[in-house]
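Visitor: One predicted model, sequence on top.
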Amino acid sequence: MRFVDEASIIVRSGKGGNGSASLKRAKNLPKGGPDGGDGGKGGDVIFRASNRLLTLYDFRVRSMFEAENGVNGKGQDKYGRNGEDLVIEVPVGTMLWDMTEDEDEPVLLADLARADQEFVVCPGGIGGRGNLHFKTSTNRAPKYAEPGKPATEKRLMLRLKVLADAGLLGLPNAGKSTFLSAVSAARPKIAAYPFTTLVPNLGVVEDQNSRRLVIADIPGLIEGASQGAGLGYQFLKHVERTRFLVHILSGEDADPENPEAGYAMLNEELRAFDADLAAKPQIRVINKIDVLDPERLAALRKNAPGDILFVSALTGEGLDKLLAEMWARFDALSPAAELNEDGSEIEAPDWAGES
Ligand SMILES: Nc1nc2c(ncn2[C@@H]2O[C@H](COP(=O)(O)OP(=O)(O)OP(=O)(O)O)[C@@H](O)[C@H]2O)c(=O)[nH]1
Ligand SMILES: [Mg+2]
């Protein structure tokens with residue numbers, strides 16, 4: 001089981017087209033001067049960060065990417081066409097590591113942290129000059145032309161740093177997947193038993209201005225997760241790559257006298273795993289308020305600090321307020337608003353991160 005947040009690929013730029021060494025042939029020109037044109041430049045391989053992509057999934061399906069070669073020059077002063085650049089779109093937050101020299105010591109080439117940021121990884125080969133350029137007073141019919149410069153090839157590791165804007169954190173059965181399916185088009189499996197979610201799911205919430213907030217639903221965490229208990233361990237590092245966390249506690253699990261205590265155990269696990277993770281901002285939520293008996297609910301409300309939000313992922317109660325809070329965090333923590341270029345529909349990916 002592997003999360004699609006890393007991919008190893010090979011990229012190759014286009015080779016430069018050869019210059020032509022053609023000599024003119026015409027009845028009235030018996031000596032025939034040079035008329036060989038230049039070769040075209042090979043295409044560059046360019047990476048561009050895009051908001052429309054969320055995962056590196058595509059790069060697991062395909063691993064070789066080549067730009068077009070420059071076309072060779074020809075006689076009659078014909079220049080070869082430049083090869084087309086290859087623009088490879090990657091999700092915002094993708095880092096490019098060069099593994100060409102040494103697989104065990106990759107070198108960081110670029111961190112594509114902003115939408116539309118570009119990086120040329122492999123410039124195309126320059127085209128060779130045709131013999132037109134080599135005519136001199138002593139050599140009026142040079143039979144020499146330059147070959148095009150070779151292509152460059154690199155082995156890269158792509159690594160997605162920011163996985164999602166918000167990570168859902170909670171015990172098994174807290175209602176994380178139910179929440180994701182209530183607010184996004186994602187359809188994770190939901191069931192009344194723990195460990196329903198086996199691999200992370202991503203969902204996208206869009207506001208009226210087409211801004212997108214990506215939510216990662218991960219398997220429920222249990223006590224000892226930081227030491228490897230349950231399913232959580234391998235996913236803890238993924239919540240590291242979110243901007244903030246939504247910590248969901250079922251109202252059935254919360255102590256009405258001290259609701260806050262219900263968040264302590266998992267926060268302790270986070271701390272044990274990684275201090276940075278524990279320091280990430282959290283929105284605390286009590287879920288399943290629809291099934292609580294009124295007294296219990298009243299006690300929870302009375303004893304909970306003001307920042308804890310009460311919701312029912314099932315009936316939708318309180319979700320507007322929770323989403324508003326999530327957008328507020330998003331605004332506070334993201335770099336300048338990143339609007340997508342063409343307004344196209346983003347597809348919540350089907351994250352069966354199997355294998
Ligand atoms: N009554 C009620 N039931 C809920 C609510 N939210 C979730 N549930 C139910 O709680 C059970 C668990 O929900 P899930 O969304 O699968 O919980 P999860 O946190 O994703 O669980 P894991 O994937 O196992 O970690 C399901 O039977 C849901 O229908 C809620 O607000 N009210
Ligand atoms: Mg789940």
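Guide: Good, I have the coordinates. Ligands and ions are numbered 1, 2, ... in the order given.
Visitor: For beta bridges, what are the partners of the residue nearest to F65 when sequence neighbours are not counted?
Guide: Leaving out its chain neighbours, the residue that sits closest to F65 by C-beta to C-beta, 6 or more residues apart in numbering is V11, at 4.7 Å. Every residue, glycine included, has its C-beta placed from N, CA and C. As for beta bridges, V11 partners with F65, K154 under DSSP bridges.
Visitor: which ones are touching V11?
Guide: V11 is in contact with V45, F65, E66, L86, I88, V121, C122, E153, K154, L156, counting by C-beta atoms under 8 Å, 6 or more residues apart in numbering.
Visitor: Tabulate those residues (a markdown table), appending neighbour count, distance to ligand 2 and pLDDT.
Guide: As requested, the contacts of V11 are exported to a markdown table (neighbours: other C-beta atoms under 10 Å; distance: C-beta to the ion, whole Å; pLDDT from 0 to 100):
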| residue | neighbour count | distance to ligand 2 | pLDDT |
| --- | --- | --- | --- |
| V45 | 27 | 39 | 98 |
| F65 | 18 | 35 | 97 |
| E66 | 18 | 41 | 98 |
| L86 | 21 | 39 | 98 |
| I88 | 21 | 33 | 97 |
| V121 | 20 | 38 | 97 |
| C122 | 23 | 42 | 97 |
| E153 | 14 | 43 | 97 |
| K154 | 18 | 39 | 97 |
| L156 | 26 | 34 | 96 |
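Visitor: quick one: which two of these are the most distant?
Guide: I88 and E153 (14.3 Å; C-beta to C-beta).
Visitor: tell me which parts of this structure are close to ligand 1?
Guide: Counting by C-beta under 6 Å from any ligand atom, the residues of the chain lying close to ligand 1 are 170, 172-178, 190-192, 194-197, 219-220, 287-288, 290-291, 312-314.
Visitor: In strands only, show me those residues.
Guide: Counting by DSSP state E, the part of these found in strands is G170, N287.
Visitor: Give me the buried subset of the residues of the chain next to ligand 1.
Guide: 170, 172-178, 190, 196-197, 219-220, 287-288, 312-314 (16 or more other C-beta atoms under 10 Å).
Visitor: Looking at strand pairing, list the partners for the most centrally placed residue in the chain.
Guide: The geometric centre of the chain, computed from its C-alpha atoms, lies nearest to P91 (C-alpha atoms, centre = their mean), at 3.0 Å. For P91, the beta-bridge partners under DSSP bridges are S50.
Visitor: Next, the contact list for it, please.
Guide: Contacts of P91 by C-beta under 8 Å, 6+ apart are A49, S50, N51, L53, L54, T55, L56, L160.
Visitor: go with 7 Å
Guide: Contact analysis of P91 by C-beta atoms under 7 Å, 6 or more residues apart in numbering lists S50, L53, L54, T55, L56, L160.
Visitor: do A254 as well
Guide: Contacts of A254 by C-beta under 7 Å, 6+ apart are G262, I286, L300.
Visitor: Excluding covalently adjacent residues, which one is nearest to it?
Guide: G262 (4.4 Å).
Visitor: Name the SS class of the one you found, please.
Guide: Three-state assignment for G262 (DSSP: H, G, I helix; E, B strand; the rest coil): helix.
Visitor: got a pLDDT number for it?
Guide: In this prediction, G262 carries a pLDDT score of 94.
Visitor: gap between it and M157?
Guide: G262 is 40 Å from M157, where distance means C-beta to C-beta, to the nearest Å.
Visitor: In terms of pLDDT, where does the residue in the stretch 251-355 of the chain that ligand 2 sits nearest to sit?
Guide: Relative to ligand 2, the nearest point of the stretch 251-355 of the chain is A313 (10.8 Å; C-beta to the ion). At A313, the model reports a pLDDT of 97.
Visitor: so it sits right up against S177, yeah?
Guide: No. In this structure, A313 is not within contact of S177 by C-beta atoms under 7 Å, at 8.7 Å.
Visitor: Tell me the buried residues in stretch 116-129?
Guide: Neighbour count says stretch 116-129 has Q117, F119, V121, C122, P123, G124, G125, I126, G127, G128, R129 buried, by 16+ other C-beta under 10 Å.
Visitor: L322 reaches S312, doesn't it?
Guide: No. Assessed by C-beta under 7 Å, L322 is found out of contact with S312, at 10.6 Å.
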